[in-house]
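In: Dropping the sequence and predicted coords here.
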Amino acid sequence: MTRVKVKKLFTETEKALADYKEQVKKLDEQERELNAELSVIEEEMTNNVLSQENATVHETVYLKIQAKELVQRNEIINVLLEELAEERSALKLEFVPVLREALSKTSYHEYNATEIAERYRYMMLTEIADIGGQMREQFREVAPDIREVFQDEKVKEQYPRLAHSVEDDRYSPSFSWMTRSVVSKDEVFSACKGWLPQGLKVPQEEEIQ
């Protein structure tokens, strides 16, 4: 069976996402720079604390002033990171209507699972009916002669059930199916999501190919 190639559906959405990601890149770069600065400050704060352990009074005064400045810088950067997080949220809010509009232009409705199911149902039933009809026609050609033999009085005496065993309904394509339907709605809905039902087997003809 030839695989159906689905055309690109999300062209407009991909354009909108590309614009969104371009702006996200700028925010990411700002965040990297702020975090890098934060790491430098944290390292300087650690060194400052260690330096105070063996510092003179004069050095301690200088180190305390430096420590206070480092704390202030640290606080400013954390505020900037919080503002950056708010900018990210604002950017997402800005792109919600853009993405919704882009998604509305997706031509997913062109692919109709109902039409596919109906087409293959028609193909399946017409093929089975064609085979069954041919088999029934062939049986009808030999049935009169068979019945002439099986309905003989002597034959019926020895084989009392034989005359009733030769019916055209018996000679039709074999069919065994445990469920009530060949395919259920749930299985079609699952297939629409790209999932195959558990226990699905490849038809023998396709296994051979």
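Out: Noted; the coordinates are in hand.

In: which stretches of this protein form strands?
Out: In the chain, no segments count as strands under DSSP state E.

In: Which helix or strand in it has the lowest average pLDDT?
Out: Lowest on mean pLDDT, DSSP states H and E among the helices and strands of the chain sits helix 204-208, with a mean of 54.

In: and stretch 27-47, how far from the chain's centre?
Out: 40 Å (C-alpha atoms, centre = their mean, to the nearest Å).

In: Pull the residues that contact that stretch.
Out: Stretch 27-47 has contacts (C-beta atoms under 8 Å, 6 or more residues apart in numbering) with 66-67, 70-71, 73-74, 77-78, 80-81, 84, 87-88, 91. Backbone N, C-alpha and C define where each C-beta goes, glycine included.

In: which one of those residues has the most neighbours?
Out: In terms of neighbour count, Leu70 stands highest of the contacts of stretch 27-47 at 19 neighbours, by other C-beta atoms under 10 Å.

In: And stretch 10-28, what's buried?
Out: 12-13, 16-17, 20 (16 or more other C-beta atoms under 10 Å).

In: Look through this structure and tell me its longest helix.
Out: helix 57-104 (DSSP state H).

In: From the contact counts, what lies against that one?
Out: Packed against helix 57-104 by the contact rule (3 or more C-beta pairs under 8 Å, 6 or more residues apart in numbering; DSSP states H and E) you find helix 11-53.

In: How far off centre is the helix it packs on?
Out: 34 Å.

In: which residues touch stretch 68-85?
Out: Applying C-beta under 8 Å, 6+ apart, the external contacts of stretch 68-85 come out as 27, 30-31, 34-35, 37-38, 41-42, 44-45, 48.

In: Output these in a markdown table; the columns should cover pLDDT and distance to Val166.
Out: Below are the contacts of stretch 68-85 laid out as a markdown table (pLDDT from 0 to 100; distance: C-beta to C-beta, whole Å):
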| residue | pLDDT | distance to Val166 |
| --- | --- | --- |
| Leu27 | 97 | 83 |
| Gln30 | 97 | 88 |
| Glu31 | 97 | 85 |
| Leu34 | 96 | 90 |
| Asn35 | 95 | 88 |
| Glu37 | 95 | 95 |
| Leu38 | 94 | 92 |
| Ile41 | 94 | 98 |
| Glu42 | 93 | 95 |
| Glu44 | 93 | 101 |
| Met45 | 93 | 100 |
| Asn48 | 91 | 105 |
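
In: Nearest to Arg180 among the residues you listed?
Out: Distance to Arg180 across the contacts of stretch 68-85 (C-beta to C-beta) is lowest for Leu27, with 55.8 Å.

In: From Asn35, how far off is the closest one?
Out: 12 Å (C-beta to C-beta, to the nearest Å).

In: Got a quick ChimeraX command for the buried subset of the contacts of stretch 68-85?
Out: To isolate the buried members of the contacts of stretch 68-85 in ChimeraX, using 16+ other C-beta under 10 Å:
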select :31,34,38,41,44,45,48
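
In: Return the closest of the contacts of stretch 68-85 with respect to Gly132.
Out: Using C-beta to C-beta, Leu27 comes nearest to Gly132 of those, at 67.6 Å.

In: Count the residues that sit near Ser174.
Out: Ser174 has 4 nearby residues by other C-beta under 10 Å.

In: Gln204 versus that one, what's the distance?
Out: The gap separating Ser174 from Gln204 is 14 Å, by C-beta to C-beta.
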